[in-house]
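Visitor: Please find the sequence and the predicted model below.
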There are 2 protein chains.
Amino acid sequence: MRIAIDAMGGDHAPDEIVRGALLYRSEGGTADVVLVGDEARLRGSGLEIVHASSVVEMGEHPSSALRRRGDTSIGVATQLVKDGKADAVVSAGNTGATMAAALLILGRIRGIDRPALCGMLPTTKSGPACLLDAGATMDATAHNLLQYAQMASRFMEKVHRIARPSVGLLNVGEEPEKGGRTQLEAHALLRSAAGINFFGNVEGRDILRGTTDIVVTDGFTGNVVAKAMEGVLDVMTEGIGRDIFGGPLGKVAGAIAMPGIRTFRRAMDYEPYVSAPLLGANGVSVVTHGRARARMMRLAIDVAERAVASRLIDAIGSGAAAA
Amino acid sequence: MRIAIDAMGGDHAPDEIVRGALLYRSEGGTADVVLVGDEARLRGSGLEIVHASSVVEMGEHPSSALRRRGDTSIGVATQLVKDGKADAVVSAGNTGATMAAALLILGRIRGIDRPALCGMLPTTKSGPACLLDAGATMDATAHNLLQYAQMASRFMEKVHRIARPSVGLLNVGEEPEKGGRTQLEAHALLRSAAGINFFGNVEGRDILRGTTDIVVTDGFTGNVVAKAMEGVLDVMTEGIGRDIFGGPLGKVAGAIAMPGIRTFRRAMDYEPYVSAPLLGANGVSVVTHGRARARMMRLAIDVAERAVASRLIDAIGSGAAAA
């Protein structure tokens, strides 16, 4: 197996990205990794390099950047997958560009109408929750939501090894008659669909409780919910650091409470599962957080390896063909 | 001024509700308060009582409960406003029932197409943010969102005394071309609308940052976002209490860090502004949290008093007539 790494994407590229690839190899990763990016900056790691002379910047319009320049690191890395020279691509860069490259170069899986991004969130249960679509597609139909549920079920089974992952439909109340037109229609479709373990409606507060393994919603709602939740986590983390453990007394308290702080940090740590493939693309294209440092990158390569080894794309494709 | 209190609504009714009304009076509230509910249980406070023999329970279907029973505390309290016997109604009960009573009994303000609920949230700036619609109306149009922005602007000016409150449109990115059909259309309407100080698009993480005083979205998204954010606050608060300050060492640390914990709690304290009138109803009907105890109830009565004294309903009505 060979995994192409967009070595130029992300806030800490290329250094932390390269360190992540090396960590993956040194900690037992079995796939070969190929760094894609500026050869002059990537030399010296001992890993294979494929040169790409430009990067899609965070503020750029993704698909026009990809169309104008054939030599972006994410474009070249994704093309390796298309050409059979790599089995997967991993990027911490501009999410829009990773998605655009996957859809323009790899295309969609036959039978899947719209792609979906997974927002992977910590829960108070043991495992993570997959909130999707986190923003790949605006204006989703009920039928799109059904396909998201089916794709995410295969992803959680194959990559996270959860048997019969439960699916919740994000809604304003638990009762089946809640919500707008799309939710009412989606509820009916999900209830009678094959290949998913439908739990019913879930509310905003259920996401972090881990009421279901998968929470399905449209890309608009999923995106604002995921960002709002991340915003609360950030604001509270800052507030705890500043107000509670900031002053001289707080520093003493922090030293005493250190074992507990570590437990708390572990519970909120989403690095092991934050990375996920763009679901619906006809090839494995793993999106990780722009904040990724070496460890998160190493774990993102792991996700790509598991998606390839478990034949995730085939599983999604057979589900779509059967529907 | 006279304010009718649904004394039977909320998790801690009637005791904490009555205590809240007494607190309002003893701390300088100038309006008369009328307790509406089961006379036998409300006697002894010295406050005026209007009897109502039933309550809309939390699980009940609000409008059918109101239509079937003419003697619910929220129905009777709202009718007092309709009949000119009270200037406002305040309830910590079933939100759906408070909304249904307001719309069935008081009706809508002329020119307002759909009502909206405010989700009042703490921000890292000095004041709160008003996220609306938090769930009064599903399937909102762009024109509805414009009216929400106008109503919330009057509310934040009149009740929270914020001059030219800024309005953000909740979206998946800052750029004007982001979002689905409704957001694109709403952005254009908001940009050229009278009576609002439009900032532009805001993202999920801007809500708690207080990027704008008002964040406008449809009732489906607003409801799931508000509940998701509340969920994160709850989970983190529980986690801090259990993991960091729970064990024997944690208890020592907690005692040392107490001044900082108080600062942090104050920053996250939304009691002073969590209560808000249902915007668009043709009369002041203030919704507060089901968790309300005496202090939150006392502050909710304050909000009702300020809405009446500042002629909020008239201000919303003139804006709608001018549009």
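Guide: Ah, there it is. Residues are numbered from 1 along each chain as shown, chains lettered A, B, ... in the order given.

Visitor: which ones are touching the residue nearest to A:S53 when sequence neighbours are not counted?
Guide: Excluding its sequence neighbours, the residue lying closest to A:S53 (Cβ to Cβ, 6 or more residues apart in numbering or on different chains) is A:D71, at 4.7 Å. (Each C-beta comes from the backbone N, C-alpha and C, glycine too.) If a contact means Cβ atoms under 8 Å, 6 or more residues apart in numbering or on different chains, then A:D71 has A:52-54 as its contacts.

Visitor: any idea where the helices of the stretch 1-150 of chain A begin and end?
Guide: A:15-26, A:39-42, A:62-68, A:73-82, A:95-101, A:142-158 (DSSP state H, counting those that start in this stretch).

Visitor: Neighbour-wise, give me the winner out of the contacts of A:D71.
Guide: The residue in the contacts of A:D71 with the most neighbours, by other Cβ atoms under 10 Å in any protein chain shown, is A:A52 (25 neighbours).

Visitor: domain parsing for chain A?
Guide: A:1-112+A:280-311, A:116-274 (automatic domain parsing).

Visitor: quick check, the helix ranked longest in chain A touching chain B?
Guide: As assigned by DSSP state H, the longest helix anywhere in chain A is helix A:219-239. Yes: using Cβ under 8 Å from any Cβ of the partner chain, helix A:219-239 reaches chain B at A:219-221, A:223-236, A:238-239.

Visitor: Check those for burial and list the buried ones.
Guide: With burial judged by 16 or more other Cβ atoms under 10 Å in any protein chain shown, the buried subset of the residues of helix A:219-239 next to chain B is A:219-221, A:223-233, A:235-236, A:239.

Visitor: tell me the phi and psi of the residue nearest the centre of chain A?
Guide: Nearest to the mean C-alpha position of chain A, by Cα atoms, centre = their mean, lies A:A276 at 3.1 Å. Here is the backbone geometry of A:A276 (degrees, to the nearest 10): phi -150, psi 150.

Visitor: With the one 3 residues further on instead?
Guide: Here the main-chain torsion angles of A:L279 (degrees, to the nearest 10) amount to phi -80, psi 130.

Visitor: all helices of the stretch 201-323 of chain A, in order?
Guide: A:206-209, A:219-239, A:248-256, A:258-267, A:294-309, A:312-322.

Visitor: any chance of the ones you listed in CSV, plus mean pLDDT?
Guide: Listed next are these as CSV, based on pLDDT from 0 to 100:
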stretch, mean pLDDT
helix A:206-209, 92
helix A:219-239, 90
helix A:248-256, 86
helix A:258-267, 83
helix A:294-309, 96
helix A:312-322, 90
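
Visitor: now those in CSV, with distance to A:R43?
Guide: As requested, the helices of the stretch 201-323 of chain A are exported to CSV (distance: least, Cβ to Cβ, whole Å):
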stretch, distance to A:R43
helix A:206-209, 44
helix A:219-239, 36
helix A:248-256, 42
helix A:258-267, 36
helix A:294-309, 18
helix A:312-322, 33
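
Visitor: give the contact list for the nearest residue to A:D11 once chain neighbours are set aside.
Guide: Leaving aside its sequence neighbours, A:D11 sits nearest to A:G290 (Cβ to Cβ, 6+ apart; 5.2 Å). Listed by Cβ under 8 Å, 6+ apart, the contact set of A:G290 reads A:9-11, A:58, A:92-95.

Visitor: Please name every helix or strand in contact with the least confident helix or strand in chain A by mean pLDDT.
Guide: Using mean pLDDT, DSSP states H and E, helix A:258-267 stands out as the lowest-scoring helix or strand of chain A, at a mean of 83. Counting contacts by 3 or more Cβ pairs under 8 Å, 6 or more residues apart in numbering or on different chains; DSSP states H and E, helix A:258-267 packs against helix B:248-256.

Visitor: Show me what the helix it packs on is packed against.
Guide: helix A:248-256, helix A:258-267.
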